[in-house]
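A.B. asks: For reference, the sequence and a predicted model appear below.
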Amino acid sequence: METRGFATFAPGDGGVAPLGVTVRPATDLDIPGILDINARAGRPANTAGSLALAIEDPGRLVVVANASGGMAGWAKTHYWDHPDAAAPSGHYLGGVTVLPEDRRRGVATALTDARLDWIWQRSDAAWYVVNVDNLPSIALHRRWGFSEAARAPQFHTTQFTGGVGLLMKAERAAACLPHRNGPEGEHG
């Protein structure tokens, strides 16, 4: 069962074999598949127009993960050119969404590796915001050294269900260490 569109937190739930995942930049042709993944995962709907703008923006990265059965997940980055209270300007990981049947099989890890590789080419720090209740995401991102930098009801344009969100930060030097968890720690 999912909570608020988040995967159920099940640490060590790695009983399913990892998928062979390939990650590539998204194109406009991927938009219907991305929208389908969001719907099947119970995530808030993006619009085709907002996805097209993100895909075309050279300051952002939108990636899709393909596995044996086709598109298994997608993710994006944001760049904020101005600070907003506790949230600084910089490169942020956006949402990562994985089909429910493909969770805990390495998809979110592959999508996050690709986005962080892209960010590290541009910055020494990466940020992301997350609902305090999204334990699977928080646990997943620890492997890259993300830690809490602030708590607030809103960071930039993201408001949090339940009223509390976390601003998380990782630095390139810490993130480049070998992953602390294998696929069995996969949460996305």
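C.D. replies: Yes, it's here. Remember, predicted model here, so these are calculated numbers, not experimental data.
A.B. asks: Going by C-alpha atoms from here, please, whenever you check contacts or count neighbours.
C.D. replies: Fine.
A.B. asks: Give me the distance between residue 150 and residue 62.
C.D. replies: Relative to residue 62, residue 150 is positioned 26 Å away (Cα to Cα, to the nearest Å).
A.B. asks: Looking at those two, which is more packed in?
C.D. replies: residue 62 (23 against 14; other Cα atoms under 10 Å).
A.B. asks: just checking, what's the longest helix in this structure?
C.D. replies: Criterion DSSP state H: the longest helix present in the chain is helix 107-120.
A.B. asks: ok, then the element right after it?
C.D. replies: strand 125-131 (DSSP states H and E).
A.B. asks: C-alpha coordinates for that following strand, CSV please?
C.D. replies: Extracted in CSV, the C-alpha atoms of strand 125-131 (Å, rounded to 0.1, in the frame of the first residue of the first chain):
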residue,chain,number,x,y,z
ALA,A,125,26.5,20.6,-4.4
ALA,A,126,23.2,19.0,-5.2
TRP,A,127,19.9,19.6,-3.4
TYR,A,128,16.5,18.0,-3.2
VAL,A,129,13.3,18.6,-1.3
VAL,A,130,11.2,15.8,0.1
ASN,A,131,8.1,15.4,2.2
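A.B. asks: Tell me the bridge partners for the residue nearest the centre of the chain.
C.D. replies: The residue lying closest to the centre of the chain (Cα atoms, centre = their mean) is residue 96, at 3.1 Å. Taking DSSP bridges as the rule, residue 96 bridges to residue 75.
A.B. asks: Do I have it right that it meets residue 113?
C.D. replies: No - contact status for residue 96 versus residue 113: not in contact, 11.5 Å apart, counting by Cα atoms under 8 Å.
A.B. asks: mind listing what's buried in stretch 103-120?
C.D. replies: 103-112, 114-116, 119-120 (16 or more other Cα atoms under 10 Å).
A.B. asks: Closest to residue 30 out of those?
C.D. replies: Set against residue 30, the nearest of the buried residues of stretch 103-120 by Cα to Cα is residue 111 (15.1 Å).
A.B. asks: ok, now how distant is the closest one from residue 138?
C.D. replies: From residue 111 to residue 138 the distance is 15 Å (Cα to Cα).
A.B. asks: where exactly do the strands run in the protein?
C.D. replies: Using DSSP state E, the strands of the chain run over residues 22-25, 62-67, 70-80, 90-98, 125-131, 147-152, 154-155, 158-159, 165-171.
A.B. asks: now what about the longest one, what contacts it?
C.D. replies: Contact with strand 70-80 is made by 33-34, 37, 59-66, 88-99, 102, 107-108, 111-112, 115, as judged by Cα atoms under 8 Å, 6 or more residues apart in numbering.
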